[in-house]
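Student: below: sequence and its predicted model.
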Amino acid sequence: MLFNSPVFIALFLPLAWCGYRLCALLGTQIAKIWLIIASLCFYAWWNTSFTTLLCGSILFNYFIGLLIIRLQSYRFWQSFVLISGVTLNLLVLCFYKYLFSILQALRGAGLDVPFIIPDVAFFLGIPFVTLLHFPLRIADITLPLGISFFTFTQIGYLVDCKGNAVKDKQFPDYALFVTFFPHLIAGPILYHREMIPQFTNPATYRFNFDNVVLGLAIFLLGLAKKVVIADYFAVIANTTFSHVDHLSLLQAWSGTLSFTLQIYFDFSGYSEMAMGLALLFNLRFPANFDSPFKSTSIIEFWQRWHMTLTRYLTNYLYNPMALWIRRRRVARGKNISHHALTTVEGFGALVAFPTIITMMLAGIWHGAGLQYLVFGTLHGLYLTINHAWRIFRSKTARKAPHAIVQRFKTAGNIILTITAVIVANVFFRAVSVNDSLLILHSMLGMNELYGYNAFDAPPGLIEQWLVQDNRIHYIHNPYLSPAEIANIFSIVLTFLFIWTMPNILQIFSPYTPSLSIAQTPPSAFLRKCPSFILGIIIGLIAILGILNLTNNFIPFIYFKF
């Protein structure tokens, strides 16, 4: 069941919310149990067999967490239990997410892969076209929805248990923390300490008209982003990445930019829909998306894109790795001060190594293909270069330029950042590294331009473009089809929309829609705009989104992770 499906909007959500309101009148514990049951039904709607996996994961991690808390006085055994718990979580994740891709690669290399007994496979939630089919058809394997997210959420919980950051040990609170359906499938990745106080607050279970209106508004705006904008660009992107062998320069750029805009509005729409759904139940999620295409550096981009994943990787992967490196350097008598960062050796050990390793693992987290490793490595290199620029650039470069120069510099930084993201997105979207390289080859103009070789244009092409007064006449010639013209204008207008319009956090910042505050204050227009006019605009956008709902909905991109 997806947020953008008619059955969710017309059936599940009204039943879940009305049932929650009725149960809240009977007691907070009953309301919690109702939400847990509703969330499990939401998950089971897609595949009931994987609900067993989810429930088993919750029970296992809850009791491991209790054991870690009880072993506070036994540091060795506490660490042993924590490492064992984290390891088992990662093994389950790797089994479902990576094992069969590895077996498929082995089969592709001509090696035999082991059989799996059908009954065991069915219990593990591995669907087969026929349970009697041997050998194992890896193409029939389906990844459990949200396994990465609920696994990461619970690993963070176990680490917090060791850090003595977990105060509430009630099982209903923990089960609701993991299963609450607005974040179960694709995040945001939540911390136990930021959600449990809300679950235990009596005000959460009282009817709040303001939160209902705010939640519906944000949910419907996110829905419109998904079904109107993201799904439109999805068609173009899917066509491009399905035919990578003979792409022209224009087709390659159009498809790649379309996917970049698709994933932007797809994830933005999902994050806002999740935020709005949480508000309907008087809960606030941390912000997960804050106009990343307005970023002037790749560091800022990751502070604005999938923000809860960034903080998770920072707190549970990068920081422990960096701390371990620093301790080893101290043990060896090496410098770890700021001066050490200005040396090539110190920068490589203290910044470059943990950054690249963290992003490589983040890339692998998205999928088992080699293209995901390249995607993560590219972003690791981007971040390393960005950090190096900040550390090693000369003092002259740090002087504030003239205001006009600063504007051009800011625009250039934004374009450079987006270009780097676009190149990495090619590997993120393509089905293989080879396909990614073919698309990049076309984007460099090595194939064709408007159906001709980019470096062997037909006679008079450039002259025709430069000298004729009515340039639109050139656009309507056979080199550009009407569909391609529409794609170009759609891409340009959408980027202008991104750069000029405020985001949801800015629009609703006076009402604190999330646990974090928007980085940029509302624009002057929003501060002066009457509420009823803003309400009319939001209402029209919401109607547009609802009218675009169909049964042939396109799943959210992050649902497969």
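Tutor: Alright, I've got the coordinates.
Student: helices of the stretch 151-300 of the chain, start to end?
Tutor: 171-179, 181-184, 192-199, 209-224, 231-241, 249-280, 298-304 (DSSP state H, counting those that start in this stretch).
Student: and of those helices, who's closest to residue 560?
Tutor: Within those, the stretch nearest residue 560 is helix 249-280; the backing value is 11.7 Å (Cβ to Cβ). Heads up, the C-betas are built off the backbone N, CA and C, glycines and all.
Student: and the closest one with helix 192-199, angle?
Tutor: Using axes from the mean of the first three to the mean of the last three Cα atoms, to 10 degrees, the direction of helix 249-280 lies 50 degrees away from that of helix 192-199.
Student: average pLDDT for helix 249-280?
Tutor: On average, the pLDDT along helix 249-280 is 95.
Student: buried residues in that helix?
Tutor: Going by neighbour count (16 or more other Cβ atoms under 10 Å), the buried part of helix 249-280 is 249-280.
Student: where does the stretch 51-200 of the chain dip in pLDDT?
Tutor: Residues of the stretch 51-200 of the chain that meet the criterion pLDDT under 70 lie in 100-142.
Student: how does the chain divide up, domain by domain?
Tutor: Listed by automatic domain parsing, the domain ranges of the chain are 11-206, 297-399.
Student: turn these into JSON lines, including mean neighbour count and distance to residue 535.
Tutor: Output for the domains of the chain, formatted as JSON lines (neighbours: other Cβ atoms under 10 Å; distance: least, Cβ to Cβ, whole Å):
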{"stretch": "domain 11-206", "mean neighbour count": "17", "distance to residue 535": "21"}
{"stretch": "domain 297-399", "mean neighbour count": "17", "distance to residue 535": "27"}
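Student: mind putting the ones you listed in JSON lines, distance to residue 482 included?
Tutor: Shown next, in JSON lines, are those (distance: least, Cβ to Cβ, whole Å):
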{"stretch": "domain 11-206", "distance to residue 482": "36"}
{"stretch": "domain 297-399", "distance to residue 482": "33"}
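Student: nearest to residue 500, out of these?
Tutor: domain 297-399 (16.6 Å).
Student: restricting to C-alpha, output stretch 273-283 in PDB.
Tutor: Extracted in PDB, the C-alpha atoms of stretch 273-283 (Å, rounded to 0.1, in the frame of the first residue of the first chain):
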ATOM      1  CA  MET A 273       3.500  13.300   3.000                       C
ATOM      2  CA  ALA A 274       5.100  11.400   5.900                       C
ATOM      3  CA  MET A 275       5.400  14.700   7.800                       C
ATOM      4  CA  GLY A 276       1.700  15.500   7.200                       C
ATOM      5  CA  LEU A 277       0.600  12.000   8.200                       C
ATOM      6  CA  ALA A 278       2.500  12.200  11.400                       C
ATOM      7  CA  LEU A 279       0.800  15.600  12.200                       C
ATOM      8  CA  LEU A 280      -2.600  14.000  11.700                       C
ATOM      9  CA  PHE A 281      -1.800  11.900  14.800                       C
ATOM     10  CA  ASN A 282      -0.300  14.900  16.700                       C
ATOM     11  CA  LEU A 283       3.300  13.700  16.100                       C
END
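Student: just the element for residue 144, please.
Tutor: Here residue 144 sits in a region with no helix or strand, counting by DSSP states H and E.
Student: how about the contacts made by it?
Tutor: 47, 50, 53, 54, 96, 125 (Cβ atoms under 8 Å, 6 or more residues apart in numbering).
Student: correct me, but residue 369 touches residue 434?
Tutor: No. The pair residue 369 / residue 434 is not scored as a contact, 11.0 Å apart, by Cβ atoms under 8 Å.
Student: what residues sit buried inside stretch 413-430?
Tutor: Within stretch 413-430, the residues scored as buried using 16+ other Cβ under 10 Å are 414, 417-418, 420-421, 423-430.
Student: hmm, back to that, adding distance to residue 511, write the helices of the stretch 151-300 of the chain out as TSV.
Tutor: Shown next, in TSV, are the helices of the stretch 151-300 of the chain (distance: least, Cβ to Cβ, whole Å):
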stretch	distance to residue 511
helix 171-179	24
helix 181-184	18
helix 192-199	16
helix 209-224	5
helix 231-241	28
helix 249-280	9
helix 298-304	21
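Student: okay, which residue is most central for the protein?
Tutor: With distances taken as Cα atoms, centre = their mean, residue 306 lies nearest the centre of the chain, 4.9 Å away.
Student: what does the pLDDT read for it?
Tutor: Looking at residue 306, its pLDDT reads 93.
Student: skipping adjacent residues, who's closest to it in space?
Tutor: Of all residues not flanking residue 306 in the chain, residue 288 sits nearest, at 6.4 Å (Cβ to Cβ, 6 or more residues apart in numbering).
Student: residue 196 too?
Tutor: Counting by Cβ to Cβ, 6+ apart, residue 196 lies nearest to residue 168, which is 4.6 Å off, once chain neighbours are set aside.
Student: pretty sure that neighbour contacts residue 198?
Tutor: No. Judged on Cβ under 8 Å, residue 168 makes no contact with residue 198 at a distance of 11.0 Å.
Student: ok now stretch 406-418, how far from the chain's centre?
Tutor: Centroid displacement of stretch 406-418 relative to its chain, using Cα atoms, centre = their mean, to the nearest Å, is 24 Å.
Student: residues in contact with that stretch?
Tutor: Counting by Cβ under 8 Å, 6+ apart, 260, 293, 294, 295, 296, 297, 298, 300, 301, 400, 401, 499 sit against stretch 406-418.
Student: contact partners for the third one?
Tutor: By Cβ under 8 Å, 6+ apart, residue 294 lies in contact with 304, 414, 498, 499.
Student: understood, closing this out.
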